[in-house]
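Asks: predicted model, plus sequence, below.
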Amino acid sequence: MNILKGLACGLLAALAATASVDEAEARMACGKRDAIVEQLEAKYGETRSSYGLSQGKGVVEVYSNPDTGTWTVLITNAQGTACLMAAGEAWQADSQKTAAGAPV
């Protein structure tokens, strides 16, 4: 999966510029949120398609490109450090709309 490898390499480069990230986060490809978001848009044409709060963990965001189908999931802590949680291809927007908490 060349896209995932390229994204991980780019995120690790962003990480190199942020020396305050701990070792565990470094293995997860973390860095300053703004820099990562800029890379997602510039390299993959991905924009934020959804987001939510994770209990005690931070903000979870999904970035996607509807034209290419690439997608990325980030989690950002209160200090502005974002970590790549998952990335892939063949993203499909769910056209089914439901009320919050209602089963699909």
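Replies: The structure has been received and is ready for your questions.

Asks: where do the strands sit along the chain?
Replies: Remark: strands assigned in the chain by DSSP state E are 30-32, 47-54, 58-64, 71-76, 81-88.

Asks: would you turn the ones you listed into TSV with mean pLDDT?
Replies: Conversion of those to TSV gives the following (pLDDT from 0 to 100):
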stretch	mean pLDDT
strand 30-32	94
strand 47-54	94
strand 58-64	95
strand 71-76	95
strand 81-88	94
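
Asks: with distance to Ser95 and mean neighbour count added, can I get those strands in JSON lines?
Replies: Every C-beta, even on glycine, is put in place using the N, C-alpha and C of the backbone. Conversion of the strands of the chain to JSON lines gives the following (distance: least, CB to CB, whole Å; neighbours: other CB atoms under 10 Å):
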{"stretch": "strand 30-32", "distance to Ser95": "33", "mean neighbour count": "23"}
{"stretch": "strand 47-54", "distance to Ser95": "13", "mean neighbour count": "12"}
{"stretch": "strand 58-64", "distance to Ser95": "14", "mean neighbour count": "19"}
{"stretch": "strand 71-76", "distance to Ser95": "16", "mean neighbour count": "22"}
{"stretch": "strand 81-88", "distance to Ser95": "20", "mean neighbour count": "19"}
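
Asks: present these as CSV; the columns should include distance to Leu40.
Replies: Converted to CSV, the strands of the chain look like this (distance: least, CB to CB, whole Å):
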stretch, distance to Leu40
strand 30-32, 12
strand 47-54, 8
strand 58-64, 5
strand 71-76, 6
strand 81-88, 9
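
Asks: who wins for proximity to Asp94 among those strands?
Replies: Using CB to CB as the criterion, the shortest distance between Asp94 and the strands of the chain is 9.8 Å, found for strand 47-54.

Asks: helices or strands next to the closest one in the packing?
Replies: The contact analysis (3 or more CB pairs under 8 Å, 6 or more residues apart in numbering; DSSP states H and E) places strand 47-54 against helix 33-44, strand 58-64.

Asks: of those, which is nearest Leu74?
Replies: Using CB to CB as the criterion, the shortest distance between Leu74 and these is 4.9 Å, found for strand 58-64.

Asks: what strands flank that closest one, and is each parallel or antiparallel?
Replies: Sheet pairing for strand 58-64, assigned by DSSP bridges, gives strand 47-54 (antiparallel), strand 71-76 (antiparallel).

Asks: appreciated, that's everything.
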